[in-house]
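Peer 1: Let's see this in three dimensions:
(one chain, ligands or ions: 1)
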Amino acid sequence: MPEDSSYSNRPRDRLARIQPFLEPTIAQARGAWYTDGMGRRHLDMLSGCWCSVLGHNHPRFIRSLKGQVEHLIHLGTGYISDEVIRGADALLSTLDDAQGATPTAGAGPGDYKVAFVNTGSEAVDLAVKFAKAATGRQGVVTSDRGYYGASSSVYHYMGLPKKDFMGQATGCHQVLAPDCPACPVGETYPSCAFACVDASERRLREAGAPDAGVAALLFEPILSAGGMVFPPPGYLERLQTTARRLGALFISNEVTTGAGRTGRWFAYQHSSVTPDAIAFGKGFGNGLPVAGVLVRADVEEAAYSAGLVHIQSHQSDPLSGFVVAEVIGLIRELGLVKRAEVMGDELKAKLERVSRETGGIGSVRGLGLMTGFTVRDDGPGLHADLSARGIVTCYRPAYDTIQLMPPYTISRAELDHFIAGLVASLRTRQEGSRVPREVSD
Ligand SMILES: Cc1ncc(COP(=O)(O)O)c(C=O)c1O
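Peer 2: Now for the predicted structure:
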């Protein structure tokens with residue numbers, strides 16, 4: 001067996017333990033595959049951290065990136081480049097290019113402006129900052145089981161377990177998660193008539209949120225870290241009514257769901273809502289740290305008049321603008337929004353067949369290439385088995401759910417490779433035998 005010769009396989013005790021350090025060390029990434037330091041290949045069913053939507057190191061992306069890096073990377077605060085304007089135009093163009101969806105009134109390209117930052121956490125933070133400046137209010141309503149990023153500011157919005165040492169922020173409230181199979185108010189869709197939202201509104205009133213003033217209702221159109229919760233039709237429209245009743249801005253957190261992941265450029269485009277701001281990130285950078293906010297022009301105007309200033313070293317870098325325009329251009333040229341829809345449907349159908357034939361998985365759900373399924377028995381074990389077979393997935397223990405977010409360029413053969421590994425893993429576990437450590441492609 002070859003030795004792992006990578007430098008980083010030496011003891012990792014120089015790195016602060018703020019994250020898990022997975023084995024093995026990855027030496028290279030191409031398409032939907034990682035190659036580790038021992039030369040072993042791993043099928044990446046997650047596009048890195050849901051980011052490399054074109055596939056790792058897409059040759060055309062890399063070629064044009066090299067050209068831009070030689071040309072212009074960074075400028076001082078306040079300087080604007082053609083690249084940034086092109087990036088903004090490309091982003092705005094996605095608002096009326098929703099794979100056949102008709103943009104709702106007031107939600108077209110001319111209705112928004114663009115602000116660039118670097119990470120999804122910063123994008124969400126900036127979207128809320130716009131809302132606070134524009135409304136003059138402080139409260140923020142998010143969702144139970146929602147995730148909005150890691151920085152101290154957005155951490156408090158999270159609807160997942162939090163660390164006591166982070167303390168409590170005031171003015172943060174949450175609506176109930178729209179998890180129909182485990183309805184938080186014990187009702188059934190559609191006869192429930194969104195009783196979960198009614199209950200959430202009561203909860204907000206009891207907490208005094210409307211009196212204290214709510215700046216933003218910040219929602220994930222699909223709860224991702226919260227266990228892959230896909231709200232039923234009409235839910236976002238009902239939630240928008242809540243935002244309007246509160247006088248709050250309605251902000252779609254599309255950091256994970258954007259860039260075509262669900263078969264539309266943004267997941268809210270599967271509904272008829274009109275967000276006041278849209279936070280984006282991840283896929284639009286295709287592996288580079290590019291993120292930002294699409295904000296309605298009237299909100300931008302109000303925030304500007306209220307004196308909003310937001311300056312960071314790398315916002316509006318020419319490289320970021322270039323990357324966004326290039327990624328959007330390639331996604332369009334290669335038809336990848338449609339492909340995400342088609343391949344996502346195929347993946348879901350294959351998983352449903354696995355569920356029927358093995359009984360090992362249940363509740364398959366997905367929209368485009370944003371897919372999840374519940375594990376019937378020993379989720380951690382199945383996740384570890386898959387990983388031992390060279391298949392990279394994400395396991396959400398609190399919800400017994402495996403999450404799949406592959407690149408849009410993933411091939412049918414690669415999906416079949418994943419399914420074969422999953423079936424073998426389930427069968428091996430059902431037979432109670434040991435998982436072989438080495439499986440060839
Ligand atoms: C829904 C959602 N919002 C925000 C973020 C934060 O983005 P970033 O990790 O780029 O700061 C993430 C990251 O996973 C996310 O999934």
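Peer 1: Please list the residues of the stretch 201-350 of the chain that sit near the ligand.
Peer 2: 220, 224-225, 253, 255-256, 281 (C-beta under 6 Å from any ligand atom). (Glycine included, C-beta is placed from N, CA and C.)
Peer 1: how about a cut-off of 5 Å?
Peer 2: Counting by C-beta under 5 Å from any ligand atom, the stretch 201-350 of the chain comes close to the ligand at 255-256, 281.
Peer 1: For Val140, what are phi and psi?
Peer 2: For Val140, the backbone dihedrals are phi -130, psi 130 (criterion: degrees, to the nearest 10).
Peer 1: contacting residues around the closest residue to the ligand within the stretch 101-250 of the chain?
Peer 2: As assessed by C-beta to the nearest ligand atom, the ligand sits closest to Gly120 within the stretch 101-250 of the chain, at 2.2 Å. Shown in contact with Gly120 (C-beta atoms under 8 Å, 6 or more residues apart in numbering): 149, 255-256, 279-282, 291.
Peer 1: one step back: tell me which entries of the residues of the stretch 201-350 of the chain next to the ligand lie within helices.
Peer 2: Among those, DSSP state H puts none in helices.
Peer 1: now, which of those residues sits nearest Leu75?
Peer 2: Gly281 (21.1 Å; C-beta to C-beta).
Peer 1: From Cys49, how far off is the closest one?
Peer 2: Plainly put, Gly281 is 10 Å away from Cys49 if you go by C-beta to C-beta, to the nearest Å.
Peer 1: how about the helices in the stretch 251-400 of the chain?
Peer 2: 297-305, 318-333, 336-358, 379-388 (DSSP state H, counting those that start in this stretch).
Peer 1: Ok, the stretch 51-200 of the chain next?
Peer 2: Under DSSP H, counting those that start in this stretch, the stretch 51-200 of the chain gives helices at 59-71, 82-93, 120-135, 152-155, 195-206.
Peer 1: Of those, flag the one that's most buried.
Peer 2: helix 120-135 (a mean of 26; mean count of other C-beta atoms under 10 Å).
Peer 1: residue contacts, the residue nearest to the spatial centre of the chain?
Peer 2: In the chain, the centroid-proximal residue (C-alpha atoms, centre = their mean) is Thr256; its distance is 1.1 Å. By C-beta under 8 Å, 6+ apart, the contact set of Thr256 is 50, 120, 220, 222, 224, 282, 370, 405.
Peer 1: Among those residues, which lie within strands?
Peer 2: Met370 (DSSP state E).
Peer 1: Going by neighbour count, which of the contacts of Thr256 comes out on top?
Peer 2: Gly120 (30 neighbours; other C-beta atoms under 10 Å).
Peer 1: Distance-wise, check it relative to Leu15.
Peer 2: On the measure of C-beta to C-beta, Gly120 and Leu15 end up 22 Å apart.
Peer 1: Report pLDDT for the nearest residue in space to Leu415 that is not next to it in sequence.
Peer 2: The spatial neighbour of Leu415 that comes closest, neighbours along the chain excluded (C-beta to C-beta, 6 or more residues apart in numbering), is Leu347 at 5.7 Å. Looking at Leu347, its pLDDT stands at 98.
Peer 1: picking that back up, would TSV of the helices of the stretch 251-400 of the chain with mean neighbour count be doable?
Peer 2: Shown next, in TSV, are the helices of the stretch 251-400 of the chain (neighbours: other C-beta atoms under 10 Å):
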stretch	mean neighbour count
helix 297-305	16
helix 318-333	22
helix 336-358	18
helix 379-388	18
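Peer 1: can I get those helices in TSV with distance to Gly167?
Peer 2: Putting the helices of the stretch 251-400 of the chain into TSV (distance: least, C-beta to C-beta, whole Å) gives the following:
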stretch	distance to Gly167
helix 297-305	27
helix 318-333	33
helix 336-358	40
helix 379-388	31
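Peer 1: The ones you listed: which one's closest to Thr241?
Peer 2: helix 297-305 (18.6 Å).
Peer 1: any idea which of the contacts of Thr256 is the one closest to Val69?
Peer 2: Using C-beta to C-beta, those come closest to Val69 at Lys282, 21.0 Å.
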